[in-house]
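In: sequence isn't available, so here's the structure alone:
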């Protein structure tokens, strides 16, 4: 049995190693997981060929929403729900946080202890940096909960919060700051519709200690209007966070200071190759900083449908990974590539721990126009080689039969 002190020591040792050296010489194997509905499938990697090999599948209690590995790499924690996406979030009736044990030799998953019930549909979850607590973000109603991770790796009972937390509108991600003394809840808000005005977005910063959260700051430029943040990631060595703005198709960079973010972004960049050629709803998705700290990647999604000869078809748009080179002194991002994902709606993507391979997961099959005809583009997984210059070279595409569900989450996990 691994106790919490051992978990913390393992993670502290990883942080003590030089970060760029770790990204260049990491000896561990890694695996890739992708979900379709409640099914979570393991894939083995061939990084040299940027290839995937499908292995085993486990079933979660409900549709997978998000997952996060323990820093010890022995467990994967999965949030699932019978709810789903939508401008307000389809609430559903069943919601869980589950622990899965990872086989250290193969990456195969096995249920580990009972699943903990959650209060509403979870949209994101992550662990604090010691692996002692799991935090779950909710979109409707927006907010966050804390569950302890027991010494045997199972999920404990929810920690009742003593403070009344400001949960914003439409929570979308919750992440620990590098210090682990605070967390950020990214709240997207909602775009205006014909019947409802815009809901403002914000970054909610909470102090964090012994499983308790307290309100610390709210970052909401212009009152949060015209500000639709979705996901952020941290630079491995510079005190910077990179934030994708879903509804504005932007990448912002924020400076970290005193366990929080400074209120104003220091850099702002477009995510689209043609920001002036929006053909339907465009929405930036997740953001990942390369392990070596020299590049940032952001997903661009388009999947809105229109009528064509009595069928709903995709009219076109940018489904790509935006690649940015980072100034190694200031952290300023410069857009250097928009790589086509060879599919539609890349909700999640991830880099292997060596930073040499990227996998993008496209969530749905869709009809598209093919001249005067219509053809189907399947949901798929696409792989890319990552060059020394950070740019992506397409390698392989693997069609995925989603059976009417969504390929909603995917991610890499390094094996111990």
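Out: Noted; the coordinates are in hand. Please read these numbers as outputs of a predicted model, since none were measured by experiment.
In: any chance you could list what contacts stretch 253-263?
Out: Stretch 253-263 is contacted from outside by 177-179, 181-182, 184, 203, 205, 207, 216-217, 219, 221, 232, 234, 239-243, 264-268, 331-333, using C-beta atoms under 8 Å, 6 or more residues apart in numbering. (Each C-beta comes from the backbone N, C-alpha and C, glycine too.)
In: what of stretch 200-209?
Out: With contacts defined as C-beta under 8 Å, 6+ apart, stretch 200-209 is touched by 128, 144, 165-170, 176, 180-189, 213-220, 223-225, 227-229, 232, 243, 247, 259-261.
In: ChimeraX command to pick out the buried ones of the contacts of stretch 253-263?
Out: This is how ChimeraX selects the buried members of those, with burial counted by 16 or more other C-beta atoms under 10 Å:
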select :177,178,181,182,184,203,205,207,216,217,219,221,232,234,240,241,242,243,265,267,331,333
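In: returning to that earlier point: the contacts of stretch 200-209 in strands, which ones?
Out: 144, 176, 182-187, 213-219, 229, 232, 243, 260-261 (DSSP state E).
In: please enumerate the helices of the protein.
Out: Under the criterion DSSP state H, helices of the chain are mapped to 4-16, 19-25.
In: rank the ones you listed by pLDDT, which is bottom?
Out: Among those, helix 19-25 carries the lowest mean pLDDT, a mean of 32.
In: pick out the residue nearest the middle of the protein.
Out: For the chain, the residue nearest the mean C-alpha position is residue 286 (5.1 Å; C-alpha atoms, centre = their mean).
In: chain neighbours aside, what residue packs nearest to that residue?
Out: In this structure, residue 286 finds its nearest non-sequential neighbour in residue 231, 4.5 Å apart by C-beta to C-beta, 6 or more residues apart in numbering.
In: count of neighbours near the spatially closest residue to residue 204 that is not a sequence neighbour?
Out: Computed as C-beta to C-beta, 6+ apart, the closest residue to residue 204 that is not its neighbour in sequence is residue 185, at 4.2 Å. When neighbours are defined as other C-beta atoms under 10 Å, residue 185 has 27 of them.
In: right, and residue 346 touches residue 364 too?
Out: No: using C-beta atoms under 8 Å, residue 346 is not in contact with residue 364, being 10.9 Å away.
In: the more surrounded of these two?
Out: Neighbour comparison, residue 346 and residue 364: the larger count goes to residue 346, with 25 against 20 (by other C-beta under 10 Å).
In: any idea how far the more buried one is from residue 395?
Out: In this view, residue 346 and residue 395 are 15 Å apart by C-beta to C-beta, to the nearest Å.
In: my guess is residue 185 contacts residue 146. True?
Out: No: contact criterion C-beta under 8 Å: residue 185 and residue 146 do not qualify, at 11.8 Å.
In: what residues are shared contacts of these two?
Out: Counting by C-beta under 8 Å, 6+ apart, residue 185 and residue 146 have no common neighbour.
In: give me every residue that touches the residue nearest to residue 94 when sequence neighbours are not counted.
Out: Distances taken as C-beta to C-beta, 6+ apart put residue 82 closest to residue 94, at 4.4 Å, once the chain neighbours are dropped. Counting by C-beta under 8 Å, 6+ apart, residue 82 touches 62-63, 92-95.
In: ok, of the residues you listed, which come out buried?
Out: Buried subset of the contacts of residue 82 (neighbour count, 16+ other C-beta under 10 Å): 62-63, 92, 95.
In: hang on, the earlier thing: mind listing the shared neighbours of residue 346 and residue 364?
Out: Contact criterion C-beta under 8 Å, 6+ apart; residues shared by residue 346 and residue 364: none found.
In: could you pull up the contacting residues of the residue nearest to the centre of the chain?
Out: Contact analysis of residue 286 by C-beta under 8 Å, 6+ apart lists 230-231, 244, 298-299, 347-349.
In: one more time with 10 Å, if that's ok
Out: Contacts for residue 286 (C-beta atoms under 10 Å, 6 or more residues apart in numbering) come out as 124, 172-173, 230-233, 244, 246, 297-299, 301, 346-350, 411.
In: same check on residue 390?
Out: Residue 390 touches 290, 292, 294-297, 323-326, 336-337, 355, counting by C-beta under 10 Å, 6+ apart.
In: what's around the closest residue in space to residue 303 that isn't next to it in sequence, how many residues?
Out: Of all residues not flanking residue 303 in the chain, residue 345 sits nearest, at 4.2 Å (C-beta to C-beta, 6+ apart). Neighbourhood size, residue 345 [other C-beta under 10 Å]: 24.
In: so residue 345 touches residue 362, yeah?
Out: Yes: using C-beta atoms under 10 Å, residue 345 is in contact with residue 362, at 5.6 Å.
In: pLDDT below threshold where in this structure?
Out: Applying pLDDT under 70 to the chain picks out residues 1-28, 86-90.
In: returning to that earlier point: mind checking how far the residue nearest to the centre of the chain is from residue 316?
Out: Per C-beta to C-beta, residue 286 is found 22 Å from residue 316.
In: same thing with residue 181?
Out: From residue 181 across to residue 316, the span is 46 Å (C-beta to C-beta).
In: what do you get for residue 85?
Out: In this structure, residue 85 and residue 316 are 22 Å apart, going by C-beta to C-beta.
In: again, but for residue 291
Out: Counting by C-beta to C-beta, the gap from residue 291 to residue 316 is 34 Å.
In: swap in residue 269?
Out: 23 Å.
In: more crowded one of the two?
Out: Neighbours per residue, other C-beta under 10 Å: of residue 269 and residue 316, the larger number sits with residue 269, 17 against 14.
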